[in-house]
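Q: okay, predicted coordinates and the sequence, questions at the end:
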Amino acid sequence: MNPRLYRLLEKHQRIDEQLRMEQRRTFPDWVALLRLKRTKLRIKDVIHRFTRRAAQA
């Protein structure tokens, strides 16, 4: 596996865990949730573009 792809997948998993932890809180910080969700989506898009380019090459 490509090292960059591996780092992106790790980062995606860490953000996912942070999201779950924040959602479990009694009073979740909705601003933090939105920020984490947007970041996770951006990373997912990068992963998708990266794998798409690798498949075409």
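A: Yep, it's here.
Q: when you work out contacts or count neighbours from here on, use the C-alpha atoms and nothing else.
A: Fine.
Q: which other helices and strands does the helix or strand of the chain with the lowest mean pLDDT contact?
A: Within the chain, no helix or strand scores below helix 30-56, which has a mean of 95 by mean pLDDT, DSSP states H and E. Packing partners of helix 30-56 (3 or more Cα pairs under 8 Å, 6 or more residues apart in numbering; DSSP states H and E): helix 3-24.
Q: quick one: buried residues of the helix it packs on?
A: Going by neighbour count (16 or more other Cα atoms under 10 Å), the buried part of helix 3-24 is 8, 11-12, 15-16, 18-19, 22.
Q: next, the angle from the least confident helix or strand of the chain to helix 3-24.
A: 150 degrees (axes from the mean of the first three to the mean of the last three Cα atoms, to 10 degrees).
Q: so residue 16 sits right up against residue 39, yeah?
A: No. Between residue 16 and residue 39 there is no contact, the gap being 10.0 Å when judged by Cα atoms under 8 Å.
Q: residue 44 and residue 36, how far apart?
A: 12 Å (Cα to Cα, to the nearest Å).
Q: what's the answer for residue 14, then?
A: Residue 14 is 10 Å from residue 36, by Cα to Cα.
Q: and for residue 10?
A: 14 Å.
Q: same check, this time on residue 4
A: On the measure of Cα to Cα, residue 4 and residue 36 end up 20 Å apart.
Q: and if you look at residue 23?
A: 11 Å.
Q: ok, residue 25 next?
A: When residue 25 is compared with residue 36 (using Cα to Cα), they lie 15 Å apart.
Q: now residue 13
A: Taking Cα to Cα, one finds residue 13 at 11 Å from residue 36.
Q: likewise for residue 11?
A: 11 Å.
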